[in-house]
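Novice: Sharing a sequence plus its predicted fold:
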Amino acid sequence: MDVLDEIVLTGLTVFGRHGVYDHERENGQDFTIDLRLSMPLRDAAASDDVADTVHYGELAEKVAAVVAGEPVNLIETLAQRIADVALEDPRVHFATVTVHKPHAPIALAFADVAVTVRRGRQGMPR
């Protein structure tokens with residue numbers, strides 16, 4: 001197996017309407033996404049061609065569409081949907097997705113709430 005390199009996108013902030021409570025869906029809020037793709041980048045480095053890697057600009061647009069799209073109750077579900085999008089590219093072996101919800105309805109002072117999922121292709125070693 002080839003060495004797995006990484007592409008990392010952090011701090012993608014998108015307005016969405018996710019949450020358990022009606023007011024979260026009505027008012028919406030910003031969600032911040034961190035995404036880490038594990039995949040071999042040797043071919044891209046050798047060819048210097050974007051076609052040989054994941055185009056992170058296009059991926060960011062797809063992820064933003066998920067966050068801005070159909071509301072879900074849990075950020076766990078949102079993280080899974082984003083991981084599914086990242087794994088659409090067969091070159092991606094693993095996707096680690098963190099969804100931050102810094103404006104979660106918690107009646108105490110806090111800096112952030114986040115959920116992280118790590119998903120891989122079936123049959124890939126962990």
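Specialist: That came in fine, so what should we check first? Small disclaimer: the values here were computed from a predicted structure and weren't measured. Numbering: from 1, shown residues only.
Novice: Over whichever strand or helix holds Val66, what's the mean pLDDT, rounded is fine.
Specialist: According to DSSP states H and E, Val66 maps onto helix 56-68. For helix 56-68, mean pLDDT rounds to 97.
Novice: By neighbour count, which bits of that helix are buried? Give me those.
Specialist: Using 16 or more other C-beta atoms under 10 Å as the burial criterion, the residues of helix 56-68 that qualify are 56, 59, 63-64, 66-67. Quick note: C-beta positions are derived from backbone N, CA and C, even for glycine.
Novice: which stretches of this structure have low pLDDT?
Specialist: Low-confidence segments of the chain (pLDDT under 70): 1-2, 123-126.
Novice: Please, where are all the helices along it?
Specialist: 22-27, 42-47, 56-68, 75-86 (DSSP state H).
Novice: How about exporting the second one as CSV, limited to the C-alpha atoms?
Specialist: Read it as helix 42-47. Output of helix 42-47 as CSV, limited to C-alpha atoms (Å, rounded to 0.1, in the frame of the first residue of the first chain):
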residue,chain,number,x,y,z
ARG,A,42,2.6,10.9,-5.0
ASP,A,43,1.0,11.0,-8.5
ALA,A,44,-0.2,14.6,-8.0
ALA,A,45,3.3,15.6,-6.8
ALA,A,46,4.9,14.0,-9.8
SER,A,47,2.5,15.3,-12.4
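Novice: and it, how far out from the chain's middle?
Specialist: Centroid displacement of helix 42-47 relative to its chain, using C-alpha atoms, centre = their mean, to the nearest Å, is 24 Å.
Novice: buried ones in that helix?
Specialist: Neighbour-count burial for helix 42-47, counted by 16+ other C-beta under 10 Å, picks out Ala44.
Novice: okay, the buried residues of helix 56-68 in JSON lines with distance to Ala111 next?
Specialist: Shown next, in JSON lines, are those (distance: C-beta to C-beta, whole Å):
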{"residue": "Tyr56", "distance to Ala111": "27"}
{"residue": "Leu59", "distance to Ala111": "27"}
{"residue": "Val63", "distance to Ala111": "23"}
{"residue": "Ala64", "distance to Ala111": "23"}
{"residue": "Val66", "distance to Ala111": "24"}
{"residue": "Val67", "distance to Ala111": "20"}
